[in-house]
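> Fold the following.
(chains A and B)
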Amino acid sequence: MNSSINLNIKADEQNTFDAIVIGSGISGGWAAKELCEKGLKTLVLERGRDVKHITDYTTAMLNPWEFQHGLQNSEQERKENPIQSLAFDESNKHFFVSDKENPYVQKTPFHWIRGYQTGGRSLTWGRQCYRLSDLDFEANQKDGVAVDWPIRYKDVAPWYDYVETFAGISGQNEGLSQLPDGQFLPPMDMNVLEEHFKKEVKSKFDGRCVTIGRTANLTRGWEGRGPCQFRNLCKRGCPFGGYFSSNSATLPVAYATGNLTLRPFSIVVEILYDKDKKKATGVRILDAETNQTYDYFANIIFLNASTIGSAFVLLNSKSDAFPEGLGNSSGQVGHNLMDHHYKVGAQATHPGFKDRFYSGRRPNNIYIPRFRNLNDSSKRTDYIRGFGYQADAERQNWQEYVNLLDGFGTDFKKNLTSPGEWFMWMGAWGETLPYYDNMVSLDGGKKDKWGLPLVAVDFSFRDNEKAMRKDMKESAIEMLLAAGFENPQGFDYEAIGGECVHEMGTARMGRDPKTSVLNEWNQLHDVSNVFVTDGSCMTSSACQNPSLTYMALTARACDYAVKSLKTGDL
Amino acid sequence: MKRRRVIQMILGGGAALVAGVTGYKYYSLYKSPDFDILDGNVGLIAELAETIIPETDTPGALSAGVGPMIVKLVRDCTPAPSQNNFLRGLIEVDSFSNSQFGQSFIACSSDQRMQVLKHMEEQGKPFPGIVGKVEKRLAGESFFALLKKYTIVGYATSEAGATKGFAYDYIPGKYVGNTPLEPGQKGWATQ
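Okay, here's the model as predicted:
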């Protein structure tokens, strides 16, 4: 009997860490780095397989002709993975989950794009990095929407500096209040038509700015990574470490401290809670390969399982103290789900610059920061908040000619293989308001192959987004025409939630524990040693690509958590 | 998500709407395609592709190996209605060629081949505007539209096509946004 007690104690010791991080994606990777660097023995739980930097980027160096189907998805692939195949192609499908093995319930159409592996979606992300501003942090309060953010720009600004300086973001400072400047590596080039567009917009539209995209691609060697080789194959994983991912950047630093243990195939079932101590004690996982249950223990827990994944973990962590899920005394967990709405804008051709071209493949676009509802003169009566454009100019080539070029034969071939007319594509990314009934919940009736309840998603865009979309299209056409473009074609494809892969809001920050899940330090109001720093913390969505904000809030929360540990507050 | 992805999603749209298509029409569109027709016509497909992208001072579709790629794309990456359109089109190519010129497409002169393809192009023209879009959704893409699309994709992603027909830079190392367009400059094979 004694020996078995000893065994248990030993097992507990082996399973005990200073900190546990749930998830290894963009925010989990940051939590791992920060906590390990601060000296905490840290366990990172990743529900998928391990993906090692460089060695596991199996397609990264392949030429187009080394793929079976010229990079097209097969019909079988589309049938088996109807959601994920919208986001992958033949070159990177191994970084996306199997829809068949990972079902969820769509109460309304919602595309949940996922990557269950070390690094999560940081391997395949779009890499655009923009700061939020006080225009965003004050918006809910000013508009009387949802709840107020418990933080302001000044609280996050030094942490934006901090994460940009490590990650390596290339971009151009523009001195805009709605899109604060940052710590940037040299900006990438605009091409000749983009430069022209920038000048025209500046001279013809008061207060509008065209700038090169701010992207987590390294325009010079940085922290032993990169530089970017301008192959534009980021989504396959970069063997040059040319862009920021958990795999290339944060996890190697965490490993180097000797404090990191990463456990792949670890599906978190629940966070364990001790109602006497009023603290979380650890995490229960299912080994995805063996179906065995294991418990791990730590003083602090960072939940970084992605917006929907983290909501699942909280909702599934039911106890006497929290019958509706851990940290859910407010009833807000899972609610207020947001995603940016996009797939609206315009494209047009330009008759000029026929003697100019470009070389290299820039993994970046140009950006037009928000210009609506900034002040009285840009105020709209038909909607609140705003949108930004991502755009790029190119000369038409075979991808366009597939649909454009008539005929066949020798002349056709000559046209097909020659640079065609210049054109620009402009797409808008719009803010979505937080609606209480846009939400994820647990579907008690249906279980996955591990016996866990399925996530159910109920989501729709509403009147404010719809009114904004009209302007998103019309303003694109207006700017293109003003800059001398021809034949503008507006587009507004049906927006489906999740498509933008910017899910946010299911465990929002706020000042009042009655109406929000997290406080100003991303700490559960209800359970002080659990921090949630992925997209679920977002109180509003703003219109900027959000990952940089998750990074900054994660580093900030780690700093606070470790300081609190040291002072004995945790 | 990047722009290319958005466009691909728009073009891709694999799921065909079947409302309004009934009876025999539905059957002929959605029946299991007879791939023997495909396998028996690899040579014809390669020659059709060569007619679209012929050998000039750079390789044509035939020597770039586009024929076998089209077969793979039709078999693996094409919804059933479009597959059936493609297979019917293959048969029609030779029946038209036989009726007009008394010989199979492969036996035809290059001028005759052009005429056969012109006929197929005419046949495959969609109705203009929204009607054409609905038609494409319901009945799949035409033989000619598929043949041409897959010839272009196959050629541009083949080694000979990408590196000799187009300009291909495996590892550019940098992006230069404003260069002179040199005489004879090819378009980039990859973006």
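
> In the longest helix anywhere in chain B, which of the residues would be classed as buried?
For chain B, the helix that runs over the most residues, judged by DSSP state H, is helix B:80-101. By neighbour count with 16 or more other Cβ atoms under 10 Å in any protein chain shown, helix B:80-101 contains the buried residues B:81-87, B:89-90, B:93-94, B:96-97, B:101. C-beta coordinates here come from the backbone N, C-alpha and C atoms, glycine included.

> Identify, from these, the entry nearest to chain A.
Checking the buried residues of helix B:80-101 against chain A with Cβ to the nearest Cβ, the nearest one is B:Q83 at 8.8 Å.

> could you redo the buried residues of helix B:80-101 as JSON lines and give each row distance to chain A and pLDDT?
Output for the buried residues of helix B:80-101, formatted as JSON lines (distance: Cβ to the nearest Cβ, whole Å; pLDDT from 0 to 100):
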{"residue": "B:P81", "distance to chain A": "12", "pLDDT": "93"}
{"residue": "B:S82", "distance to chain A": "10", "pLDDT": "95"}
{"residue": "B:Q83", "distance to chain A": "9", "pLDDT": "96"}
{"residue": "B:N84", "distance to chain A": "13", "pLDDT": "94"}
{"residue": "B:N85", "distance to chain A": "15", "pLDDT": "95"}
{"residue": "B:F86", "distance to chain A": "13", "pLDDT": "96"}
{"residue": "B:L87", "distance to chain A": "15", "pLDDT": "96"}
{"residue": "B:G89", "distance to chain A": "14", "pLDDT": "96"}
{"residue": "B:L90", "distance to chain A": "16", "pLDDT": "96"}
{"residue": "B:V93", "distance to chain A": "13", "pLDDT": "97"}
{"residue": "B:D94", "distance to chain A": "18", "pLDDT": "95"}
{"residue": "B:F96", "distance to chain A": "16", "pLDDT": "97"}
{"residue": "B:S97", "distance to chain A": "16", "pLDDT": "97"}
{"residue": "B:F101", "distance to chain A": "18", "pLDDT": "97"}
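
> Give me the three-state assignment for B:E122.
For B:E122, the assignment made with DSSP: H, G, I helix; E, B strand; the rest coil gives helix.

> what about the strands in the stretch 151-300 of chain A?
In the stretch 151-300 of chain A, the segments counted as strands under DSSP state E, counting those that start in this stretch are A:169-170, A:184-185, A:211-212, A:260-263, A:266-274, A:279-287, A:293-303.

> wait, doesn't A:N15 sit right on A:Y296?
Yes: between A:N15 and A:Y296 there is a contact at 4.8 Å, judged by Cβ atoms under 8 Å.

> which neighbours do these two share?
Counting by Cβ atoms under 8 Å, 6 or more residues apart in numbering or on different chains, the shared contacts of A:N15 and A:Y296 are A:G282.

> Who has more neighbours out of the two?
Each of A:N15 and A:Y296 had its neighbours counted (other Cβ atoms under 10 Å in any protein chain shown), and the higher figure belongs to A:Y296 (23 against 15).

> low pLDDT regions in the chain?
Assuming you mean chain A. Using pLDDT under 70 as the threshold, the predicted model of chain A has low-confidence ranges A:1-11, A:13.

> You answered for a different chain; I wanted chain B.
For chain B, residues meeting the criterion pLDDT under 70 lie at B:1-29, B:130-132, B:134-135.

> Can you show me the helices along it?
Secondary structure of chain B by DSSP H: the helices cover B:3-12, B:23-30, B:35-39, B:42-52, B:66-76, B:80-101, B:110-124, B:129-139, B:143-156, B:159-160.

> any idea which of those is most buried?
Mean neighbour counts were compared across these using mean count of other Cβ atoms under 10 Å in any protein chain shown; the top stretch is helix B:143-156, at a mean of 25.

> Now that helix - C-alpha only, PDB.
Below are the C-alpha coordinates for helix B:143-156, written out as PDB (Å, rounded to 0.1, in the frame of the first residue of the first chain):
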ATOM      1  CA  PHE B 143     -15.900  20.100 -72.900                       C
ATOM      2  CA  PHE B 144     -14.000  22.900 -74.400                       C
ATOM      3  CA  ALA B 145     -13.900  25.100 -71.300                       C
ATOM      4  CA  LEU B 146     -12.500  22.100 -69.300                       C
ATOM      5  CA  LEU B 147     -10.000  21.200 -72.000                       C
ATOM      6  CA  LYS B 148      -8.700  24.700 -72.200                       C
ATOM      7  CA  LYS B 149      -8.600  25.300 -68.500                       C
ATOM      8  CA  TYR B 150      -6.700  22.100 -67.800                       C
ATOM      9  CA  THR B 151      -4.400  22.600 -70.700                       C
ATOM     10  CA  ILE B 152      -3.400  26.000 -69.300                       C
ATOM     11  CA  VAL B 153      -3.100  24.700 -65.700                       C
ATOM     12  CA  GLY B 154      -1.200  21.600 -66.800                       C
ATOM     13  CA  TYR B 155       1.200  23.600 -69.000                       C
ATOM     14  CA  ALA B 156       1.900  26.400 -66.500                       C
END
